[in-house]
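Chemist: Structure, please.
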Amino acid sequence: MCIRDRVSTQSTWGQIIKKFVFGTESTKMGKGEVKSQQQQKAVQKAKSAVRKTKKGVEKRTHKVHYKTRFFRPKTLALQRTPKYKRTVANVIQDKNSLERFKTIIHPLSTEKAMRKLEDENTMSFVVDIGASKPKIREAFVKLYGGKVRKINTLIRTDGKKKAYIRLAPESDALDIANKIGIL
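Modeler: Numbering: from 1, shown residues only. Modelled structure (predicted):
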């Protein structure tokens, strides 16, 4: 029986010769030594063990925190892309149109306020704590229609803001007080 008869089309001549000469499939490793498959597996296992000891086996561990306070990591904050336009702009416009009613809360009708009203042509109001003098002036002109000369503000002990609004000589404080209903 010829060797060619036993040759399969997929195997190479080197593998066929090794089969017939050595009896089993074996390969040449290292310095001319012929090793069987069992020995070859043992060598591969030993090589992988050496590789692991050099490199180290990867262990999953948790991060050690050395500080007592934990800061949440900053994540990506994307800009909003709304599907339709909200009507908040309309709400803000309505707020601005009603702001004059929030700025001047109510007039004061104490004895000192009445004296200033008659003698100095000055009206006293409780105003919003965050209102500035220009906002107070604008709100007064829109609400009562008098010409303002000067505004003095102070924060009372109860935490409310008081405004003394001195009117120009052409605007009479008594007339405006009568319209409001203070007198």
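Chemist: Over the helix ranked longest in the chain, what's the mean pLDDT, rounded is fine.
Modeler: Ranked by residue count and defined by DSSP state H, the top helix of the chain is helix 37-55. Per-residue pLDDT over helix 37-55 has a mean of 80.
Chemist: For it, list the C-alpha coordinates in CSV.
Modeler: Provided in CSV are the C-alpha atoms of helix 37-55 (Å, rounded to 0.1, in the frame of the first residue of the first chain):
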residue,chain,number,x,y,z
GLN,A,37,0.0,16.8,22.2
GLN,A,38,-0.3,16.2,26.0
GLN,A,39,3.1,17.7,26.6
GLN,A,40,2.3,20.6,24.3
LYS,A,41,-0.8,21.4,26.3
ALA,A,42,1.2,21.3,29.5
VAL,A,43,3.7,23.7,28.0
GLN,A,44,1.0,26.1,26.9
LYS,A,45,-0.5,26.0,30.4
ALA,A,46,2.8,26.8,31.9
LYS,A,47,3.4,29.7,29.5
SER,A,48,0.0,31.2,30.3
ALA,A,49,0.8,30.9,34.1
VAL,A,50,4.0,32.7,33.6
ARG,A,51,2.3,35.4,31.5
LYS,A,52,-0.3,35.9,34.3
THR,A,53,2.3,36.2,37.0
LYS,A,54,4.2,38.8,35.0
LYS,A,55,1.1,40.7,34.0
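Chemist: helices or strands up against that helix?
Modeler: When contacts are defined as 3 or more Cβ pairs under 8 Å, 6 or more residues apart in numbering; DSSP states H and E, helix 37-55 sits against strand 27-29. For the C-beta atoms, the positions are set from N, CA and C on the backbone; glycine is no exception.
Chemist: what about this protein, any weak spots by pLDDT?
Modeler: Filtered on pLDDT under 70, the chain yields the residue ranges 1-35, 55-58, 88-97.
Chemist: And the strands in it, which stretches?
Modeler: 27-29, 33-35, 104-107, 122-127, 148-155, 161-167 (DSSP state E).
Chemist: report the angle between the axes of the last one and strand 122-127?
Modeler: Using axes from the mean of the first three to the mean of the last three Cα atoms, to 10 degrees, one finds that strand 161-167 and strand 122-127 are set 150 degrees apart in direction.
Chemist: ok now do residue 177, which residues does it touch?
Modeler: 107, 117, 123, 183 (Cβ atoms under 8 Å, 6 or more residues apart in numbering).
Chemist: follow-up on the earlier one: so which of the strands of the chain is nearest residue 71?
Modeler: strand 148-155 (38.1 Å; Cβ to Cβ).
Chemist: name the helices or strands packed onto that closest one?
Modeler: The contact analysis (3+ Cβ pairs under 8 Å, 6+ apart) places strand 148-155 against helix 133-144, strand 161-167.
Chemist: Work out which residue lies at the spatial centre of this protein.
Modeler: Ranked by distance to the mean C-alpha position of the chain (Cα atoms, centre = their mean), the top residue is residue 77 at 6.4 Å.
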